[in-house]
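In: for reference, the sequence and a predicted model appear below.
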Number of protein chains: 2
Amino acid sequence: MNKTDGQISMPVIRRLPRYYRCLLTLEQNQTDKVSSKTLSELLGFTASQVRQDLNCFGGFGQQGCGYSVAVLKEKIEELLGIDKKKKVVIYGVGNLGRAIMCHFDFEKYGFEVSGLFDKNPELISTLLRGIEIRDDATVVDFIKENPVDVAFLCIPTLGAQSVVERLYSAGVRTFWNFSHFDIKANYPDCTVENVHLSESLMILSYLMTNKNTEE
Amino acid sequence: MNKTDGQISMPVIRRLPRYYRCLLTLEQNQTDKVSSKTLSELLGFTASQVRQDLNCFGGFGQQGCGYSVAVLKEKIEELLGIDKKKKVVIYGVGNLGRAIMCHFDFEKYGFEVSGLFDKNPELISTLLRGIEIRDDATVVDFIKENPVDVAFLCIPTLGAQSVVERLYSAGVRTFWNFSHFDIKANYPDCTVENVHLSESLMILSYLMTNKNTEE
């Protein structure tokens, strides 16, 4: 990973959504100020890790007073770019793509679907939440006429390479990747966020086999 | 969170899948030993956090030699209970449930599906990967006859409460929860792993709006 002047390192950024969810809860509980010690207890990081993380974006904490929940929350929203509009194509509207499209509130984070694509002839030209599912053969032309910021890749690993190839040739460089295809290895100039359901399942495995441990 | 004698705290456990994936990569690269410094660079935790985490389960590191990749990996597998068989019902075989059932390799982590349940009459009695989808009204009786360890809850928040109620009454106390229904708040004695796709999407939002940052 690289860190350039004035930028926050990715490991810190990766922890911000957890801070964010924690701050939302504190806000709901009408907590105005929070200490690094309390945050560390709530999040399970060391207090020094919390101070180090939050110092990265400007030292809002005052000795003895803690951090302002509202300021910290707003700052994280801004840092994560949640307020900015981002145009999406969803590639693959099989089960997973449909689940994302119909049951996940991505609009809340500024994402807006421009197009849906699949290779299944039975799906092509049908509508999903009012948006037409298009033939994946037309994706390059579509994106050239309707520039998008990101593709949600909701397909299995098999066949993912050729899909990424096509999207890449259309100019897409950002992917939310549910396939296990290693986009970064094959297209190093792409920005990729991989969804690792396996990590969550490993934690579940732990919780089940250590029932006396509670969070 | 609680931590009892001899047990590893949950925040440490939650980091183990990331260590695990990292160790798999090191193993693939034929790396035998790894220092806490290298692990901290690869994972983005402080070196002191890494040492603290790994000390929790027995201090395999030798001064100047680092940690054995193989020993650490095996120990994490054992700690997470991946080798143990765990019986599952998948509740909700709409888009998300189907995606999990058909495209996610949960068997690799020791999970085995015993039953599939849905309330949609069009799905009931059809087969998915050779397993019959059953009427959710029969779930309590089924589980009493075929004890399961965990339910994968693949339904939207709306209606989740009554489903959890039914599964709970059948004796299920462990959930992999894709709904946003707060199971813990309503059934405090349950073990729950929530899947927060929103965290991943917030990171993507960051990556897109800060294109000059690379991991």
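Out: Everything's here; your move.
In: please count neighbours and contacts with C-alpha atoms only from this point.
Out: Will do.
In: just want the most central residue of chain A.
Out: Ranked by distance to the mean C-alpha position of chain A (C-alpha atoms, centre = their mean), the top residue is A:Glu193 at 6.4 Å.
In: what packs against the helix or strand hosting that residue?
Out: Element membership for A:Glu193, per DSSP states H and E: strand A:191-194. In this structure, strand A:191-194 makes packing contacts with strand A:174-177, helix A:183-186, helix B:197-209, judged by 3 or more C-alpha pairs under 8 Å, 6 or more residues apart in numbering or on different chains; DSSP states H and E.
In: quickly run through the sheet partners of it, with directions.
Out: strand A:174-177 (parallel) (DSSP bridges).
In: what's the separation between A:Gly159 and chain B?
Out: Taking C-alpha to the nearest C-alpha, to the nearest Å as the measure, A:Gly159 falls 13 Å from chain B.
In: note down every partner strand of the longest strand belonging to chain A and its orientation.
Out: Scanning chain A for the longest strand, with DSSP state E as the assignment, gives strand A:111-118. Under the criterion DSSP bridges, strand A:111-118 sits next to strand A:86-91 (parallel), strand A:131-135 (parallel) in its sheet.
In: pLDDT averaged over the last one, what's the number?
Out: Pointing back at strand A:131-135 there. Mean pLDDT, strand A:131-135: 97.
In: in it, what's buried?
Out: Within strand A:131-135, the residues scored as buried using 16 or more other C-alpha atoms under 10 Å in any protein chain shown are A:Glu132, A:Ile133, A:Arg134, A:Asp135.
In: partner residues bridging the first one?
Out: Which is A:Glu132. A:Leu127.
In: element containing the residue lying farthest from the centre of chain A?
Out: Centroid-distance maximum for chain A: A:Gly64 at 34.2 Å, with C-alpha atoms, centre = their mean. For A:Gly64, there is no host helix or strand (DSSP H and E).
In: give me the pLDDT value at it.
Out: With respect to pLDDT, A:Gly64 has a value of 70.
In: could you pull up the residues touching it?
Out: Contact analysis of A:Gly64 by C-alpha atoms under 8 Å, 6 or more residues apart in numbering or on different chains lists nothing.
In: okay, it and A:Ala70: tell me how far apart.
Out: A:Gly64 sits 18 Å away from A:Ala70, taking C-alpha to C-alpha, to the nearest Å as the criterion.
In: got it, and A:Leu96?
Out: With C-alpha to C-alpha as the criterion, A:Leu96 and A:Ala70 are 35 Å apart.
In: between those two, tell me which one has more neighbours.
Out: A:Leu96 (24 against 16; other C-alpha atoms under 10 Å in any protein chain shown).
In: quick one on the thing from earlier: OK, contacts around the residue nearest to the centre of chain A?
Out: A:Phe175, A:Trp176, A:Asn177, B:Ser200, B:Ile203, B:Leu204.
In: and it, bridged to which residues?
Out: A:Trp176.
In: quick one: the longest helix along chain A to chain centroid distance?
Out: Longest helix of chain A, by residue count under DSSP state H: helix A:10-28. Distance of helix A:10-28 from its chain centroid, counting by C-alpha atoms, centre = their mean, to the nearest Å, is 13 Å.
In: can you name the element that comes right after that helix?
Out: strand A:33-34.
In: who touches that next one?
Out: A:Cys65, A:Gly66, A:Tyr67, A:Ser68, A:Val69.
In: which of those sits closest to chain B?
Out: A:Val69 (18.7 Å; C-alpha to the nearest C-alpha).
In: thought A:Glu27 was touching the closest one, still the case?
Out: Yes. Using C-alpha atoms under 8 Å, A:Val69 is in contact with A:Glu27, at 6.8 Å.
In: so which of the two has more stuff around it?
Out: Here A:Val69 and A:Glu27 are compared on neighbour count by other C-alpha under 10 Å; more neighbours surround A:Val69, at 23 against 15.
In: any idea how many residues pack against A:Asn29?
Out: Residues near A:Asn29, counting by other C-alpha under 10 Å: 9.
In: please apply the same query to A:Glu74.
Out: 13.
In: A:Asn194 now?
Out: Neighbour tally, A:Asn194, other C-alpha under 10 Å: 20.
In: A:Pro11 too?
Out: Other residues close to A:Pro11 by other C-alpha under 10 Å number 17.
In: ok, for it, nearest residue in space, not its chain neighbours?
Out: Distance criterion C-alpha to C-alpha, 6 or more residues apart in numbering or on different chains; nearest residue to A:Pro11, sequence neighbours excluded, is B:Gly44 at 4.9 Å.
In: thought that neighbour was touching A:Arg14?
Out: No. Here B:Gly44 does not reach A:Arg14: they are 9.4 Å apart, not a contact under C-alpha under 8 Å.
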